[in-house]
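Visitor: Return atomic coordinates for the entry below.
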Amino acid sequence: FCLSRGLGDVYKRQILSRADGSCQIIAGKTTLQIAVYGPRAAARDKELLEQAKFLTIFSSESGGSTNFRFSTSRAFINNTMQAVVLKSFYPRALIELYVQVLQNDGSTISHSINGSTLALLDAGIPMSSVVVSVSCALTSEKKLILDPNGEEESSCQALMVFAFDGKKEVIGEWTDIRTVGSLSEDNYWDAKELCKVGAEKLLNLIRLTQEKIYSRNRK
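Guide: So this is what the prediction gives:
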């Protein structure tokens, strides 16, 4: 699902036969493949007595695993999904989320979170809430752009990523300020409200998609 490049350019479920849940997101030139494995028995060194161990493995075809921005992106995705997965349902189990960026042309963090939600739903993993994410770039002309592409991200003064739960409450945010002092408090709140509007559209699309799947499975 993407915003400025058209809601839901391409979204495919169950693309990996060996995964318990999977999906592919194609938003403009940004392409991601997400897979969920588990819940399954955890190795002794990974098991937790009272809940499942949840791991996010984030990789990019362009590399960059040692890059600070890459590392913080991975942590943000992991923390966001950890917050909603009901790990207490599966003590001593392991749930692994694999996010692979095949091509990066902007808004990768948001699409990773949206794809992770869809893959977890596909796997039937219980969550306290559906999560969606929207990115917003602040240009040098002080304009806000939803779902920026790679060129817009590279030239912006600040990039903001918000994660929302099913009630459109912010449960996580990630900010990259490229120019010191460029992001005012008004810019921040305007971006947050704009992203909330985008989040509502994404939540409605996910609800509609799940309703269609449920109706189809009942036949």
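Visitor: Below-threshold pLDDT in the protein: ranges please.
Guide: Residues of the chain that meet the criterion pLDDT under 70 lie in 1-15, 61-70, 178-181, 217-219.
Visitor: if I've got this straight, Glu200 is in a strand?
Guide: No - applying DSSP: H, G, I helix; E, B strand; the rest coil, one finds Glu200 to be helix, outside a strand.
Visitor: secondary structure class for the most centrally placed residue in the chain?
Guide: Centroid-nearest residue in the chain, with CA atoms, centre = their mean: Ile113, separated by 0.7 Å. Counting by three-state DSSP, the backbone at Ile113 sits in helix.
Visitor: can you tell me which residues contact it?
Guide: Ile77, Thr80, Met81, Val131, Val132, Ser133, Ala163 (CB atoms under 8 Å, 6 or more residues apart in numbering). From N, CA and C alone the C-beta is placed, and that goes for glycine too.
Visitor: what's the fourth one sitting at in phi/psi?
Guide: This points to Val131. Here is the backbone geometry of Val131 (degrees, to the nearest 10): phi -120, psi 140.
Visitor: okay but it is in contact with Gln82, surely?
Guide: No - Val131 is beyond contact range of Gln82, at 10.6 Å (criterion: CB atoms under 8 Å).
Visitor: the more surrounded of the two?
Guide: Shown here are Val131 and Gln82; by other CB atoms under 10 Å, Val131 has more neighbours (26 against 14).
Visitor: partners of the closest residue to the residue nearest to the centre of the chain other than its chain neighbours in the sheet?
Guide: Excluding its sequence neighbours, the residue lying closest to Ile113 (CB to CB, 6 or more residues apart in numbering) is Ser133, at 3.9 Å. Assessed by DSSP bridges, Ser133 has beta-bridge partners Ala163.
Visitor: go on, Thr30?
Guide: In this entry, Thr30 is beta-bridged to Ala27, by DSSP bridges.
Visitor: count of neighbours near it?
Guide: Neighbours around Thr30, by other CB under 10 Å: 24.
Visitor: List the contacts of it.
Guide: By CB under 8 Å, 6+ apart, the contact list for Thr30 reads Cys2, Val101, Gln103, Asn104, Asp105, Gly106, Ser107, Thr108, His111, Asn149, Gly150.
Visitor: got the buried residues for stretch 167-182?
Guide: Ile171, Gly172, Glu173, Trp174, Asp176, Arg178 (16 or more other CB atoms under 10 Å).
Visitor: where's the second one, which helix or strand?
Guide: Same thing as Gly172. Secondary structure from DSSP states H and E places Gly172 in strand 170-177.
Visitor: just Glu153 next, same as before
Guide: For Glu153, the host element (DSSP H and E) is helix 150-155.
Visitor: Quick check: buried residues in the strand or helix carrying Val99?
Guide: Using DSSP H and E, the element containing Val99 is strand 93-103. Within strand 93-103, the residues that count as buried by 16+ other CB under 10 Å are Ala93, Leu94, Ile95, Glu96, Leu97, Tyr98, Val99, Gln100, Val101.
Visitor: Turn those residues into a markdown table, columns for distance to Lys53.
Guide: Output for the buried residues of strand 93-103, formatted as a markdown table (distance: CB to CB, whole Å):
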| residue | distance to Lys53 |
| --- | --- |
| Ala93 | 7 |
| Leu94 | 5 |
| Ile95 | 7 |
| Glu96 | 9 |
| Leu97 | 12 |
| Tyr98 | 15 |
| Val99 | 17 |
| Gln100 | 21 |
| Val101 | 24 |
